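Asks: Below are the sequence and a predicted model; questions follow.
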Amino acid sequence: MSYRIGKSFTFDAAHCLPSLPPEHKCSRLHGHTYTVEVVLSAAKLASPGFVTDFGELRPLRNYLDATLDHRHLNKVIDVEPTSENLARHIAEWFREHVEPTIPASLEMVRVHESPTSWAEYQVPRS
Ligand SMILES: Nc1nc2c(c(=O)[nH]1)N=C([C@H](O)[C@H](O)COP(=O)(O)OP(=O)(O)OP(=O)(O)O)CN2
Ligand SMILES: [Zn+2]
């Protein structure tokens with residue numbers, strides 16, 4: 001039995017997917033308003049009844065603003081900036097920089113490129 005919470009963030013950025021054939025529209029430079037959702041869990045609640053305070057997720061907001069917002073994503077991450085690769089990149093950053101400071105575990109990161117399309121990275125737990 002565990003509790004789960006989620007929080008969403010948005011940022012705007014440009015990207016292209018150069019491994020696609022040149023006739024594919026996504027091989028050309030274009031932009032999205034991305035939404036990033038994180039889901040965290042805990043087996044028991046911390047006072048006053050939180051998985052973790054939503055406010056403790058502020059470093060992720062700051063990271064997205066400073067590193068991804070209004071950037072050319074191909075110049076920021078070292079793999080093609082698909083939603084899947086972005087979700088993994090953000091999850092790995094979160095696990096290194098935020099998870100050690102909170103009483104909760106990251107379950108997954110979902111990245112929406114548009115209201116109708118998203119990709120999710122589920123954090124592997126051994
Ligand atoms: N599995 C994935 N498929 C695609 C990704 C991705 O990250 N993961 N990305 C793209 C492109 O970035 C493209 O911008 C988005 O493609 P698509 O949803 O097909 O296009 P639209 O936003 O214009 O949506 P419509 O429903 O066609 O209007 C492509 N594929
Ligand atoms: Zn795109």
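Replies: Everything's here; your move. Ligands and ions are numbered 1, 2, ... in the order given.

Asks: Do a quick rundown of the strands in the chain.
Replies: 3-15, 30-42, 105-114, 117-122 (DSSP state E).

Asks: and the residue of the chain positioned farthest from its centre, backbone torsions?
Replies: Most distant from the centre of the chain: residue 23, at 28.6 Å, with distances by C-alpha atoms, centre = their mean. Dihedral pair for residue 23: phi -80, psi -10, per degrees, to the nearest 10.

Asks: Can you check the pLDDT for it?
Replies: Looking at residue 23, its pLDDT stands at 97.

Asks: what about the helix ranked longest in the chain, near ligand 1?
Replies: The longest helix of the chain (DSSP state H) is helix 83-97. Yes: against ligand 1, helix 83-97 shows contacts by C-beta under 6 Å from any ligand atom at 83-84. All C-beta atoms are positioned from the backbone trio N, CA, C, and that covers glycine.

Asks: tell me the mean pLDDT over that helix?
Replies: For helix 83-97, mean pLDDT is 98.

Asks: contact partners of that helix?
Replies: Outside helix 83-97, the residues within contact range by C-beta atoms under 8 Å, 6 or more residues apart in numbering are 34, 36, 38, 59-60, 63-64, 68, 73, 77, 79, 106, 108-113, 117-121, 123.

Asks: Name the residues of that helix that are buried.
Replies: 83, 85-91, 93-94 (16 or more other C-beta atoms under 10 Å).

Asks: With stretch 69-82 instead?
Replies: 71, 73-74, 77, 80-82.

Asks: And it, end to end?
Replies: 15 Å (C-alpha to C-alpha, to the nearest Å).
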